[in-house]
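In: got a sequence here, can you model it:
(2 chains)
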Amino acid sequence: MEALRADGVTKVYANGGTEVRAVDGVDIALQGGEVTLIMGPSGSGKTTLLFLLGGLLRLTAGRIVVSGKDLTLLRERAMPAARLENFGFVFQDFNLLANLTARENVQVPMELAGVAPAKSRNRAGTLLTGLGLGERLDYLPEKLSGGEKQRVSIARALANTPRVLLADEPTANLDSKLGKDVAALFQHVARSTGAAVLMVSHDARIVDVADRLFLMEDGRLQTMT
Amino acid sequence: MVSIAAKNLFHDRTRLGMSAGGVGFAIMLVLILAGTYDGFYRQAGLFTENSGADLFVGQAGVVDTLHSFSILPLNLSDQLATIPGVQQSSAIISRTVELHVGNADHPRVILVGYNESHGTAGPWKIVEGERLPGPREIVVDQIMARKYGLSLGSAVRIGEREFTVVGVSAETNMFIMQYAFVRFEDITGLVLPPGTATYFLVKVTPGSDLRTVQAALDDRLVGVEAFTLDEITANNRNVIAGLFLPILLTLYLIGFVVGITVIGLTVYTATMERAREYGVLKAIGTSNRRLARIVLVQALLLAMIGFVAGLAFTASASIVIGLTVPEMTLFFTSAQVMEVFVAALGMSVVATALPLGRLARIDPASIFRRG
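Out: Here you go, the predicted structure:
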């Protein structure tokens, strides 16, 4: 099932007197239950594409449809709610809230979406336990290892059962084994929740988990598999 | 909702303690100023309020008993008796004089000479000894007594005349001076020319209309002006307000600015330190309005903690002031404390303006690595 469709997505930045086409007419469809991996050199535009697909940046041209809704037609004010409803984000540096426990970090997006505290607490516990962190629920991020932090951030991204999970270099700060484990976890999440997973990465070690692989160069997307 | 605001605030206890202390100090400054002002303001009206008279009659043009000087002939009482509605009038002398305590101390007092048989103008609250001084006897204020070591039986001198302390009164402190009470006969001709008084206190016949009697006094008697107790009390208090209000308002303002600055700096620092986390929250789907609420709650919590600290500081400071500067009468009301509390909350709202502006400009995309 198609979770997200992007047609002719373009982002042009003005740089002095010249225009830079960071993303140039990208067409891509993300399928639920599949892992899509975009690789490419630094400056190729893959992170910008991630911003655009996740509603963090406005397009210069093109359109993005998520679950039948055209994101490009939404006003700026409506974008946070659209992100909350449709997307889960996993960040390179985990970006957990330092003063909140693992469980509270996972509760945040649920409570932003209006889930009652008791329910969000239970679900956060279930998600973290499912990711092997049942013993770490009330730990602050500073007490967690890199792999554990990344699993908390994945649990947070899954909290509202998003249609699309967007991950920016999710294995960059992890060692080889942990990187592969986390990549496998994304595959498991896609299969078990039906969410479409899109990762952008330099990390060639995680290619195995991708159902579809793209290469980004000079703002253009090429299909690899 | 997981309280991000409270968690952020309570995470660094040392900084929270210092910030709450800063806010508390500002609150204390404002409360002490307000208490001083209200204490002074209240004291300024107690003498007239408790005088037992219905009308105060003074020299024309004199509108208060603190700041201006009235002098009237004693035989005015004959004319007063002819005014319809005047039941009784009593001359008093009220003058600022030096009181000689031993050889070294010469404190200034507001000396009131009154006629105790009329039941007006005497001390209204006695903490020790007699309320009514006899010949060559004096009632002094308790703060003055404590400060100069006076007790029942002590001797003091006014001019060349010696008086014995027979009573100690309360609520008769006017910050820089205190009231002292003697018999009218003992000071006539001593602090005023013979045959003169400063005011006449009038009691009206029961059932008479106060305003009518007041108007008759003003119309029929030349060179005098009559005031109701409310008017003369308000005039006395306005003298205090006029003298001190501008200074106190300036100091109030300084207190508030200090409070706003402390809250603002704390919230700004706490917000900017966590700018990346706020960016994460934005990326996840938190609206600017919701982020503003987090910052606002942080500021309000800080203001409330600071307010409680401020109350504790004020209570401690009041004890120290009472011991070291007893003339400084602080008067607090629950309404006044509530006003300062509301003002503290207001300070916190103002203090969030800068951090909120910065927060609104945080780009959620900035938390991603650029690739």
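In: wait, is residue A:22 part of a strand?
Out: Yes. Assessed by DSSP: H, G, I helix; E, B strand; the rest coil, residue A:22 belongs to a strand.
In: go ahead and confirm it touches residue A:48.
Out: Yes. Residue A:22 lies in contact with residue A:48 (CB atoms under 8 Å); the separation is 4.5 Å. C-beta coordinates here come from the backbone N, C-alpha and C atoms, glycine included.
In: any common contacting residues for these two?
Out: Shared contacts of residue A:22 and residue A:48, defined by CB atoms under 8 Å, 6 or more residues apart in numbering or on different chains, are found at A:11, A:219.
In: so what pLDDT did the residue in chain A positioned nearest to chain B get?
Out: Chain B sits closest to residue A:84 of chain A, with a gap of 2.8 Å, by CB to the nearest CB. Note for residue A:84: predicted pLDDT of 92.
In: and what of residue B:2?
Out: Per-residue confidence for residue B:2 comes out at a pLDDT of 56.
In: and the stretch 201-350 of chain B, which of its residues are near chain A?
Out: Those residues of the stretch 201-350 of chain B that sit near chain A, judged by CB under 8 Å from any CB of the partner chain, are B:274, B:276, B:277, B:280, B:281, B:282, B:283, B:284, B:285, B:286, B:287, B:290.
In: and the helix or strand harbouring residue B:268, what does it pack onto?
Out: Secondary structure assignment for residue B:268, by DSSP states H and E: helix B:229-273. Helices and strands touching helix B:229-273, by 3 or more CB pairs under 8 Å, 6 or more residues apart in numbering or on different chains; DSSP states H and E, are helix B:13-49, strand B:55-59, helix B:288-324, helix B:334-351, helix B:353-360.
In: now the ones you listed in CSV, with mean pLDDT and mean neighbour count?
Out: Converted to CSV, these look like this (pLDDT from 0 to 100; neighbours: other CB atoms under 10 Å in any protein chain shown):
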stretch, mean pLDDT, mean neighbour count
helix B:13-49, 88, 20
strand B:55-59, 94, 24
helix B:288-324, 91, 18
helix B:334-351, 87, 17
helix B:353-360, 85, 16
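In: please name the residues that touch residue A:99.
Out: Applying CB under 8 Å, 6+ apart to residue A:99 gives the contacts A:140, B:4, B:7, B:8, B:11.
In: tell me which residues are up against the helix or strand bottoming out on mean pLDDT in chain A.
Out: Of all helical and strand segments in chain A, the minimum by mean pLDDT, DSSP states H and E falls on helix A:176-193, at a mean of 88. The contact list for helix A:176-193 (CB under 8 Å, 6+ apart) reads A:32-35, A:131, A:146-147, A:150-151, A:154, A:158, A:161, A:165, A:167, A:170-171, A:174, A:195-197, A:199, A:203, A:205-206, A:208-209, A:211.
In: which of the residues you listed count as buried?
Out: A:32-35, A:131, A:147, A:150-151, A:154, A:158, A:165, A:167, A:170-171, A:174, A:195-197, A:199, A:203, A:206, A:209, A:211 (16 or more other CB atoms under 10 Å in any protein chain shown).
In: assign the residue nearest the centre of chain A to helix, strand or coil.
Out: Nearest to the centroid of the C-alpha atoms of chain A, with distances taken as CA atoms, centre = their mean, sits residue A:166, at 1.5 Å. Following three-state DSSP, we place residue A:166 in the strand state.
In: what sits against it?
Out: A:50, A:53, A:54, A:87, A:88, A:89, A:90, A:198.
In: quickly note the distance from it to residue A:53.
Out: Residue A:166 is 7 Å from residue A:53, where distance means CB to CB, to the nearest Å.
In: what touches both of the two?
Out: Counting by CB under 8 Å, 6+ apart, the contacts common to residue A:166 and residue A:53 are residue A:198.
In: residue A:114: what secondary structure?
Out: The three-state label given to residue A:114 by three-state DSSP is coil.
In: that one: how many residues sit nearby?
Out: By other CB atoms under 10 Å in any protein chain shown, 8 other residues sit near residue A:114.
In: the one 4 residues further on too?
Out: The criterion is other CB under 10 Å. On that basis, residue A:118 has 8 neighbouring residues.
In: and for the helix or strand containing it, what's in contact with it?
Out: Element membership for residue A:118 (DSSP H and E) is helix A:117-130. With CB under 8 Å, 6+ apart as the test, helix A:117-130 has contacts from A:102-104, A:106-107, A:110-111, A:115, A:134, A:136-137, A:151-152, A:155, A:158-159, B:1-2.
In: buried stuff in that helix?
Out: Within helix A:117-130, the residues that count as buried by 16+ other CB under 10 Å are A:120, A:121, A:123, A:124, A:125, A:127, A:128.
In: who touches residue A:145 in this structure?
Out: Contacts for residue A:145 (CB under 8 Å, 6+ apart) come out as none.
In: now do the helix holding residue B:268 against helix B:288-324, angle only.
Out: Put simply, helix B:229-273 runs at 130 degrees to helix B:288-324, going by axes from the mean of the first three to the mean of the last three CA atoms, to 10 degrees.
In: next helix or strand past helix B:229-273?
Out: Counting by DSSP H and E, the element after helix B:229-273 in chain order, helix or strand, is helix B:275-284.
In: packing partners for that following helix?
Out: Helices and strands touching helix B:275-284, by 3+ CB pairs under 8 Å, 6+ apart, are helix A:79-86, helix A:102-112, helix B:288-324, helix B:353-360.
In: ok, residues contacting the last one?
Out: Spelled out, that is helix B:353-360. Contacts for helix B:353-360 (CB under 8 Å, 6+ apart): B:264, B:267, B:268, B:271, B:272, B:275, B:278, B:288, B:291, B:292, B:295, B:296.
In: most widely separated two among the residues you listed?
Out: B:264 and B:288 (19.0 Å; CB to CB).
In: quick check: which ranges of the chain have low pLDDT?
Out: Looking at chain A here, since you left the chain open. Counting by pLDDT under 70, the low-confidence segments of chain A come to A:225.
In: wrong one, I was asking about chain B
Out: B:1-2, B:367-371.
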